[in-house]
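Participant: Sequence and predicted structure, then a few things I'm wondering about:
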Amino acid sequence: MRADDINDIIRATHTYARGLDLHDPKEAASAFTSDCVWDATAVGLKRFEGEAEVLAFFEADAAGVNGQCHIITNHIIDFDDDDHAHGTNYVYAEGEMKNGGSIKAIALNKDRYARTQDGWKIAERVIEPLTTPQMEGFDV
């Protein structure tokens, strides 16, 4: 049933955000497939490929951020077939770095999703800014 699939995909995007905000990189990474891509080059960060690289980045984020909040909303999801979908959602992210810097980004997540044995996961996330990102002191 598509409504259940949509709810599971939205839950994956929220699991990612909660994991980052609660300094739980394993929870954040659990929202992604093992062969995932997380690409924030458009907001001045890097592109990470595969479970190990993405988890390492989320671990560095948890170590460098004092506190942060990601609000993810306005999901639009289209299905390619029974096991693959793509979509967009908006993210408002703000945080304080342990080094005294601060970050603020309002962006559009362009996602691809895949159904796995463990449910729907994010296979690819490309983050594109909607306003000029403020990434002062984000050096993780």
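Facilitator: Thanks, I have the structure now.
Participant: which residues are in contact with the helix or strand hosting residue 125?
Facilitator: Element membership for residue 125 (DSSP states H and E) is strand 119-129. Applying C-beta atoms under 8 Å, 6 or more residues apart in numbering, the external contacts of strand 119-129 come out as 5, 8-9, 11-13, 16, 31-33, 35-40, 42-43, 45, 84-85, 91, 105-115. C-beta coordinates here come from the backbone N, C-alpha and C atoms, glycine included.
Participant: what's downstream of the longest helix anywhere in the chain, the next helix or strand?
Facilitator: The helix that spans the most residues within the chain, counting by DSSP state H, is helix 2-21. Counting by DSSP H and E, the next helix or strand C-terminal to helix 2-21 is helix 25-29.
Participant: who touches that next one?
Facilitator: Under C-beta under 8 Å, 6+ apart, the answer for helix 25-29 is 15-20, 51, 54-55, 58-59, 61-62.
Participant: picking up where we left off before, send the alpha carbons of the longest helix of the chain over as PDB?
Facilitator: Taking C-alpha atoms only, helix 2-21 is exported to PDB below (Å, rounded to 0.1, in the frame of the first residue of the first chain):
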ATOM      1  CA  ARG A   2       1.600   3.300  -1.100                       C
ATOM      2  CA  ALA A   3       0.500   5.200   2.000                       C
ATOM      3  CA  ASP A   4       2.500   2.800   4.200                       C
ATOM      4  CA  ASP A   5       5.500   3.100   1.800                       C
ATOM      5  CA  ILE A   6       5.300   6.900   1.900                       C
ATOM      6  CA  ASN A   7       5.200   6.900   5.700                       C
ATOM      7  CA  ASP A   8       8.200   4.600   5.900                       C
ATOM      8  CA  ILE A   9      10.200   6.800   3.600                       C
ATOM      9  CA  ILE A  10       9.300   9.900   5.600                       C
ATOM     10  CA  ARG A  11      10.300   8.000   8.800                       C
ATOM     11  CA  ALA A  12      13.700   7.300   7.200                       C
ATOM     12  CA  THR A  13      14.300  11.000   6.600                       C
ATOM     13  CA  HIS A  14      13.200  11.900  10.100                       C
ATOM     14  CA  THR A  15      15.400   9.100  11.600                       C
ATOM     15  CA  TYR A  16      18.400  10.700   9.800                       C
ATOM     16  CA  ALA A  17      17.600  14.100  11.300                       C
ATOM     17  CA  ARG A  18      17.000  12.800  14.800                       C
ATOM     18  CA  GLY A  19      20.200  10.800  14.700                       C
ATOM     19  CA  LEU A  20      22.200  13.900  13.800                       C
ATOM     20  CA  ASP A  21      20.500  16.100  16.300                       C
END
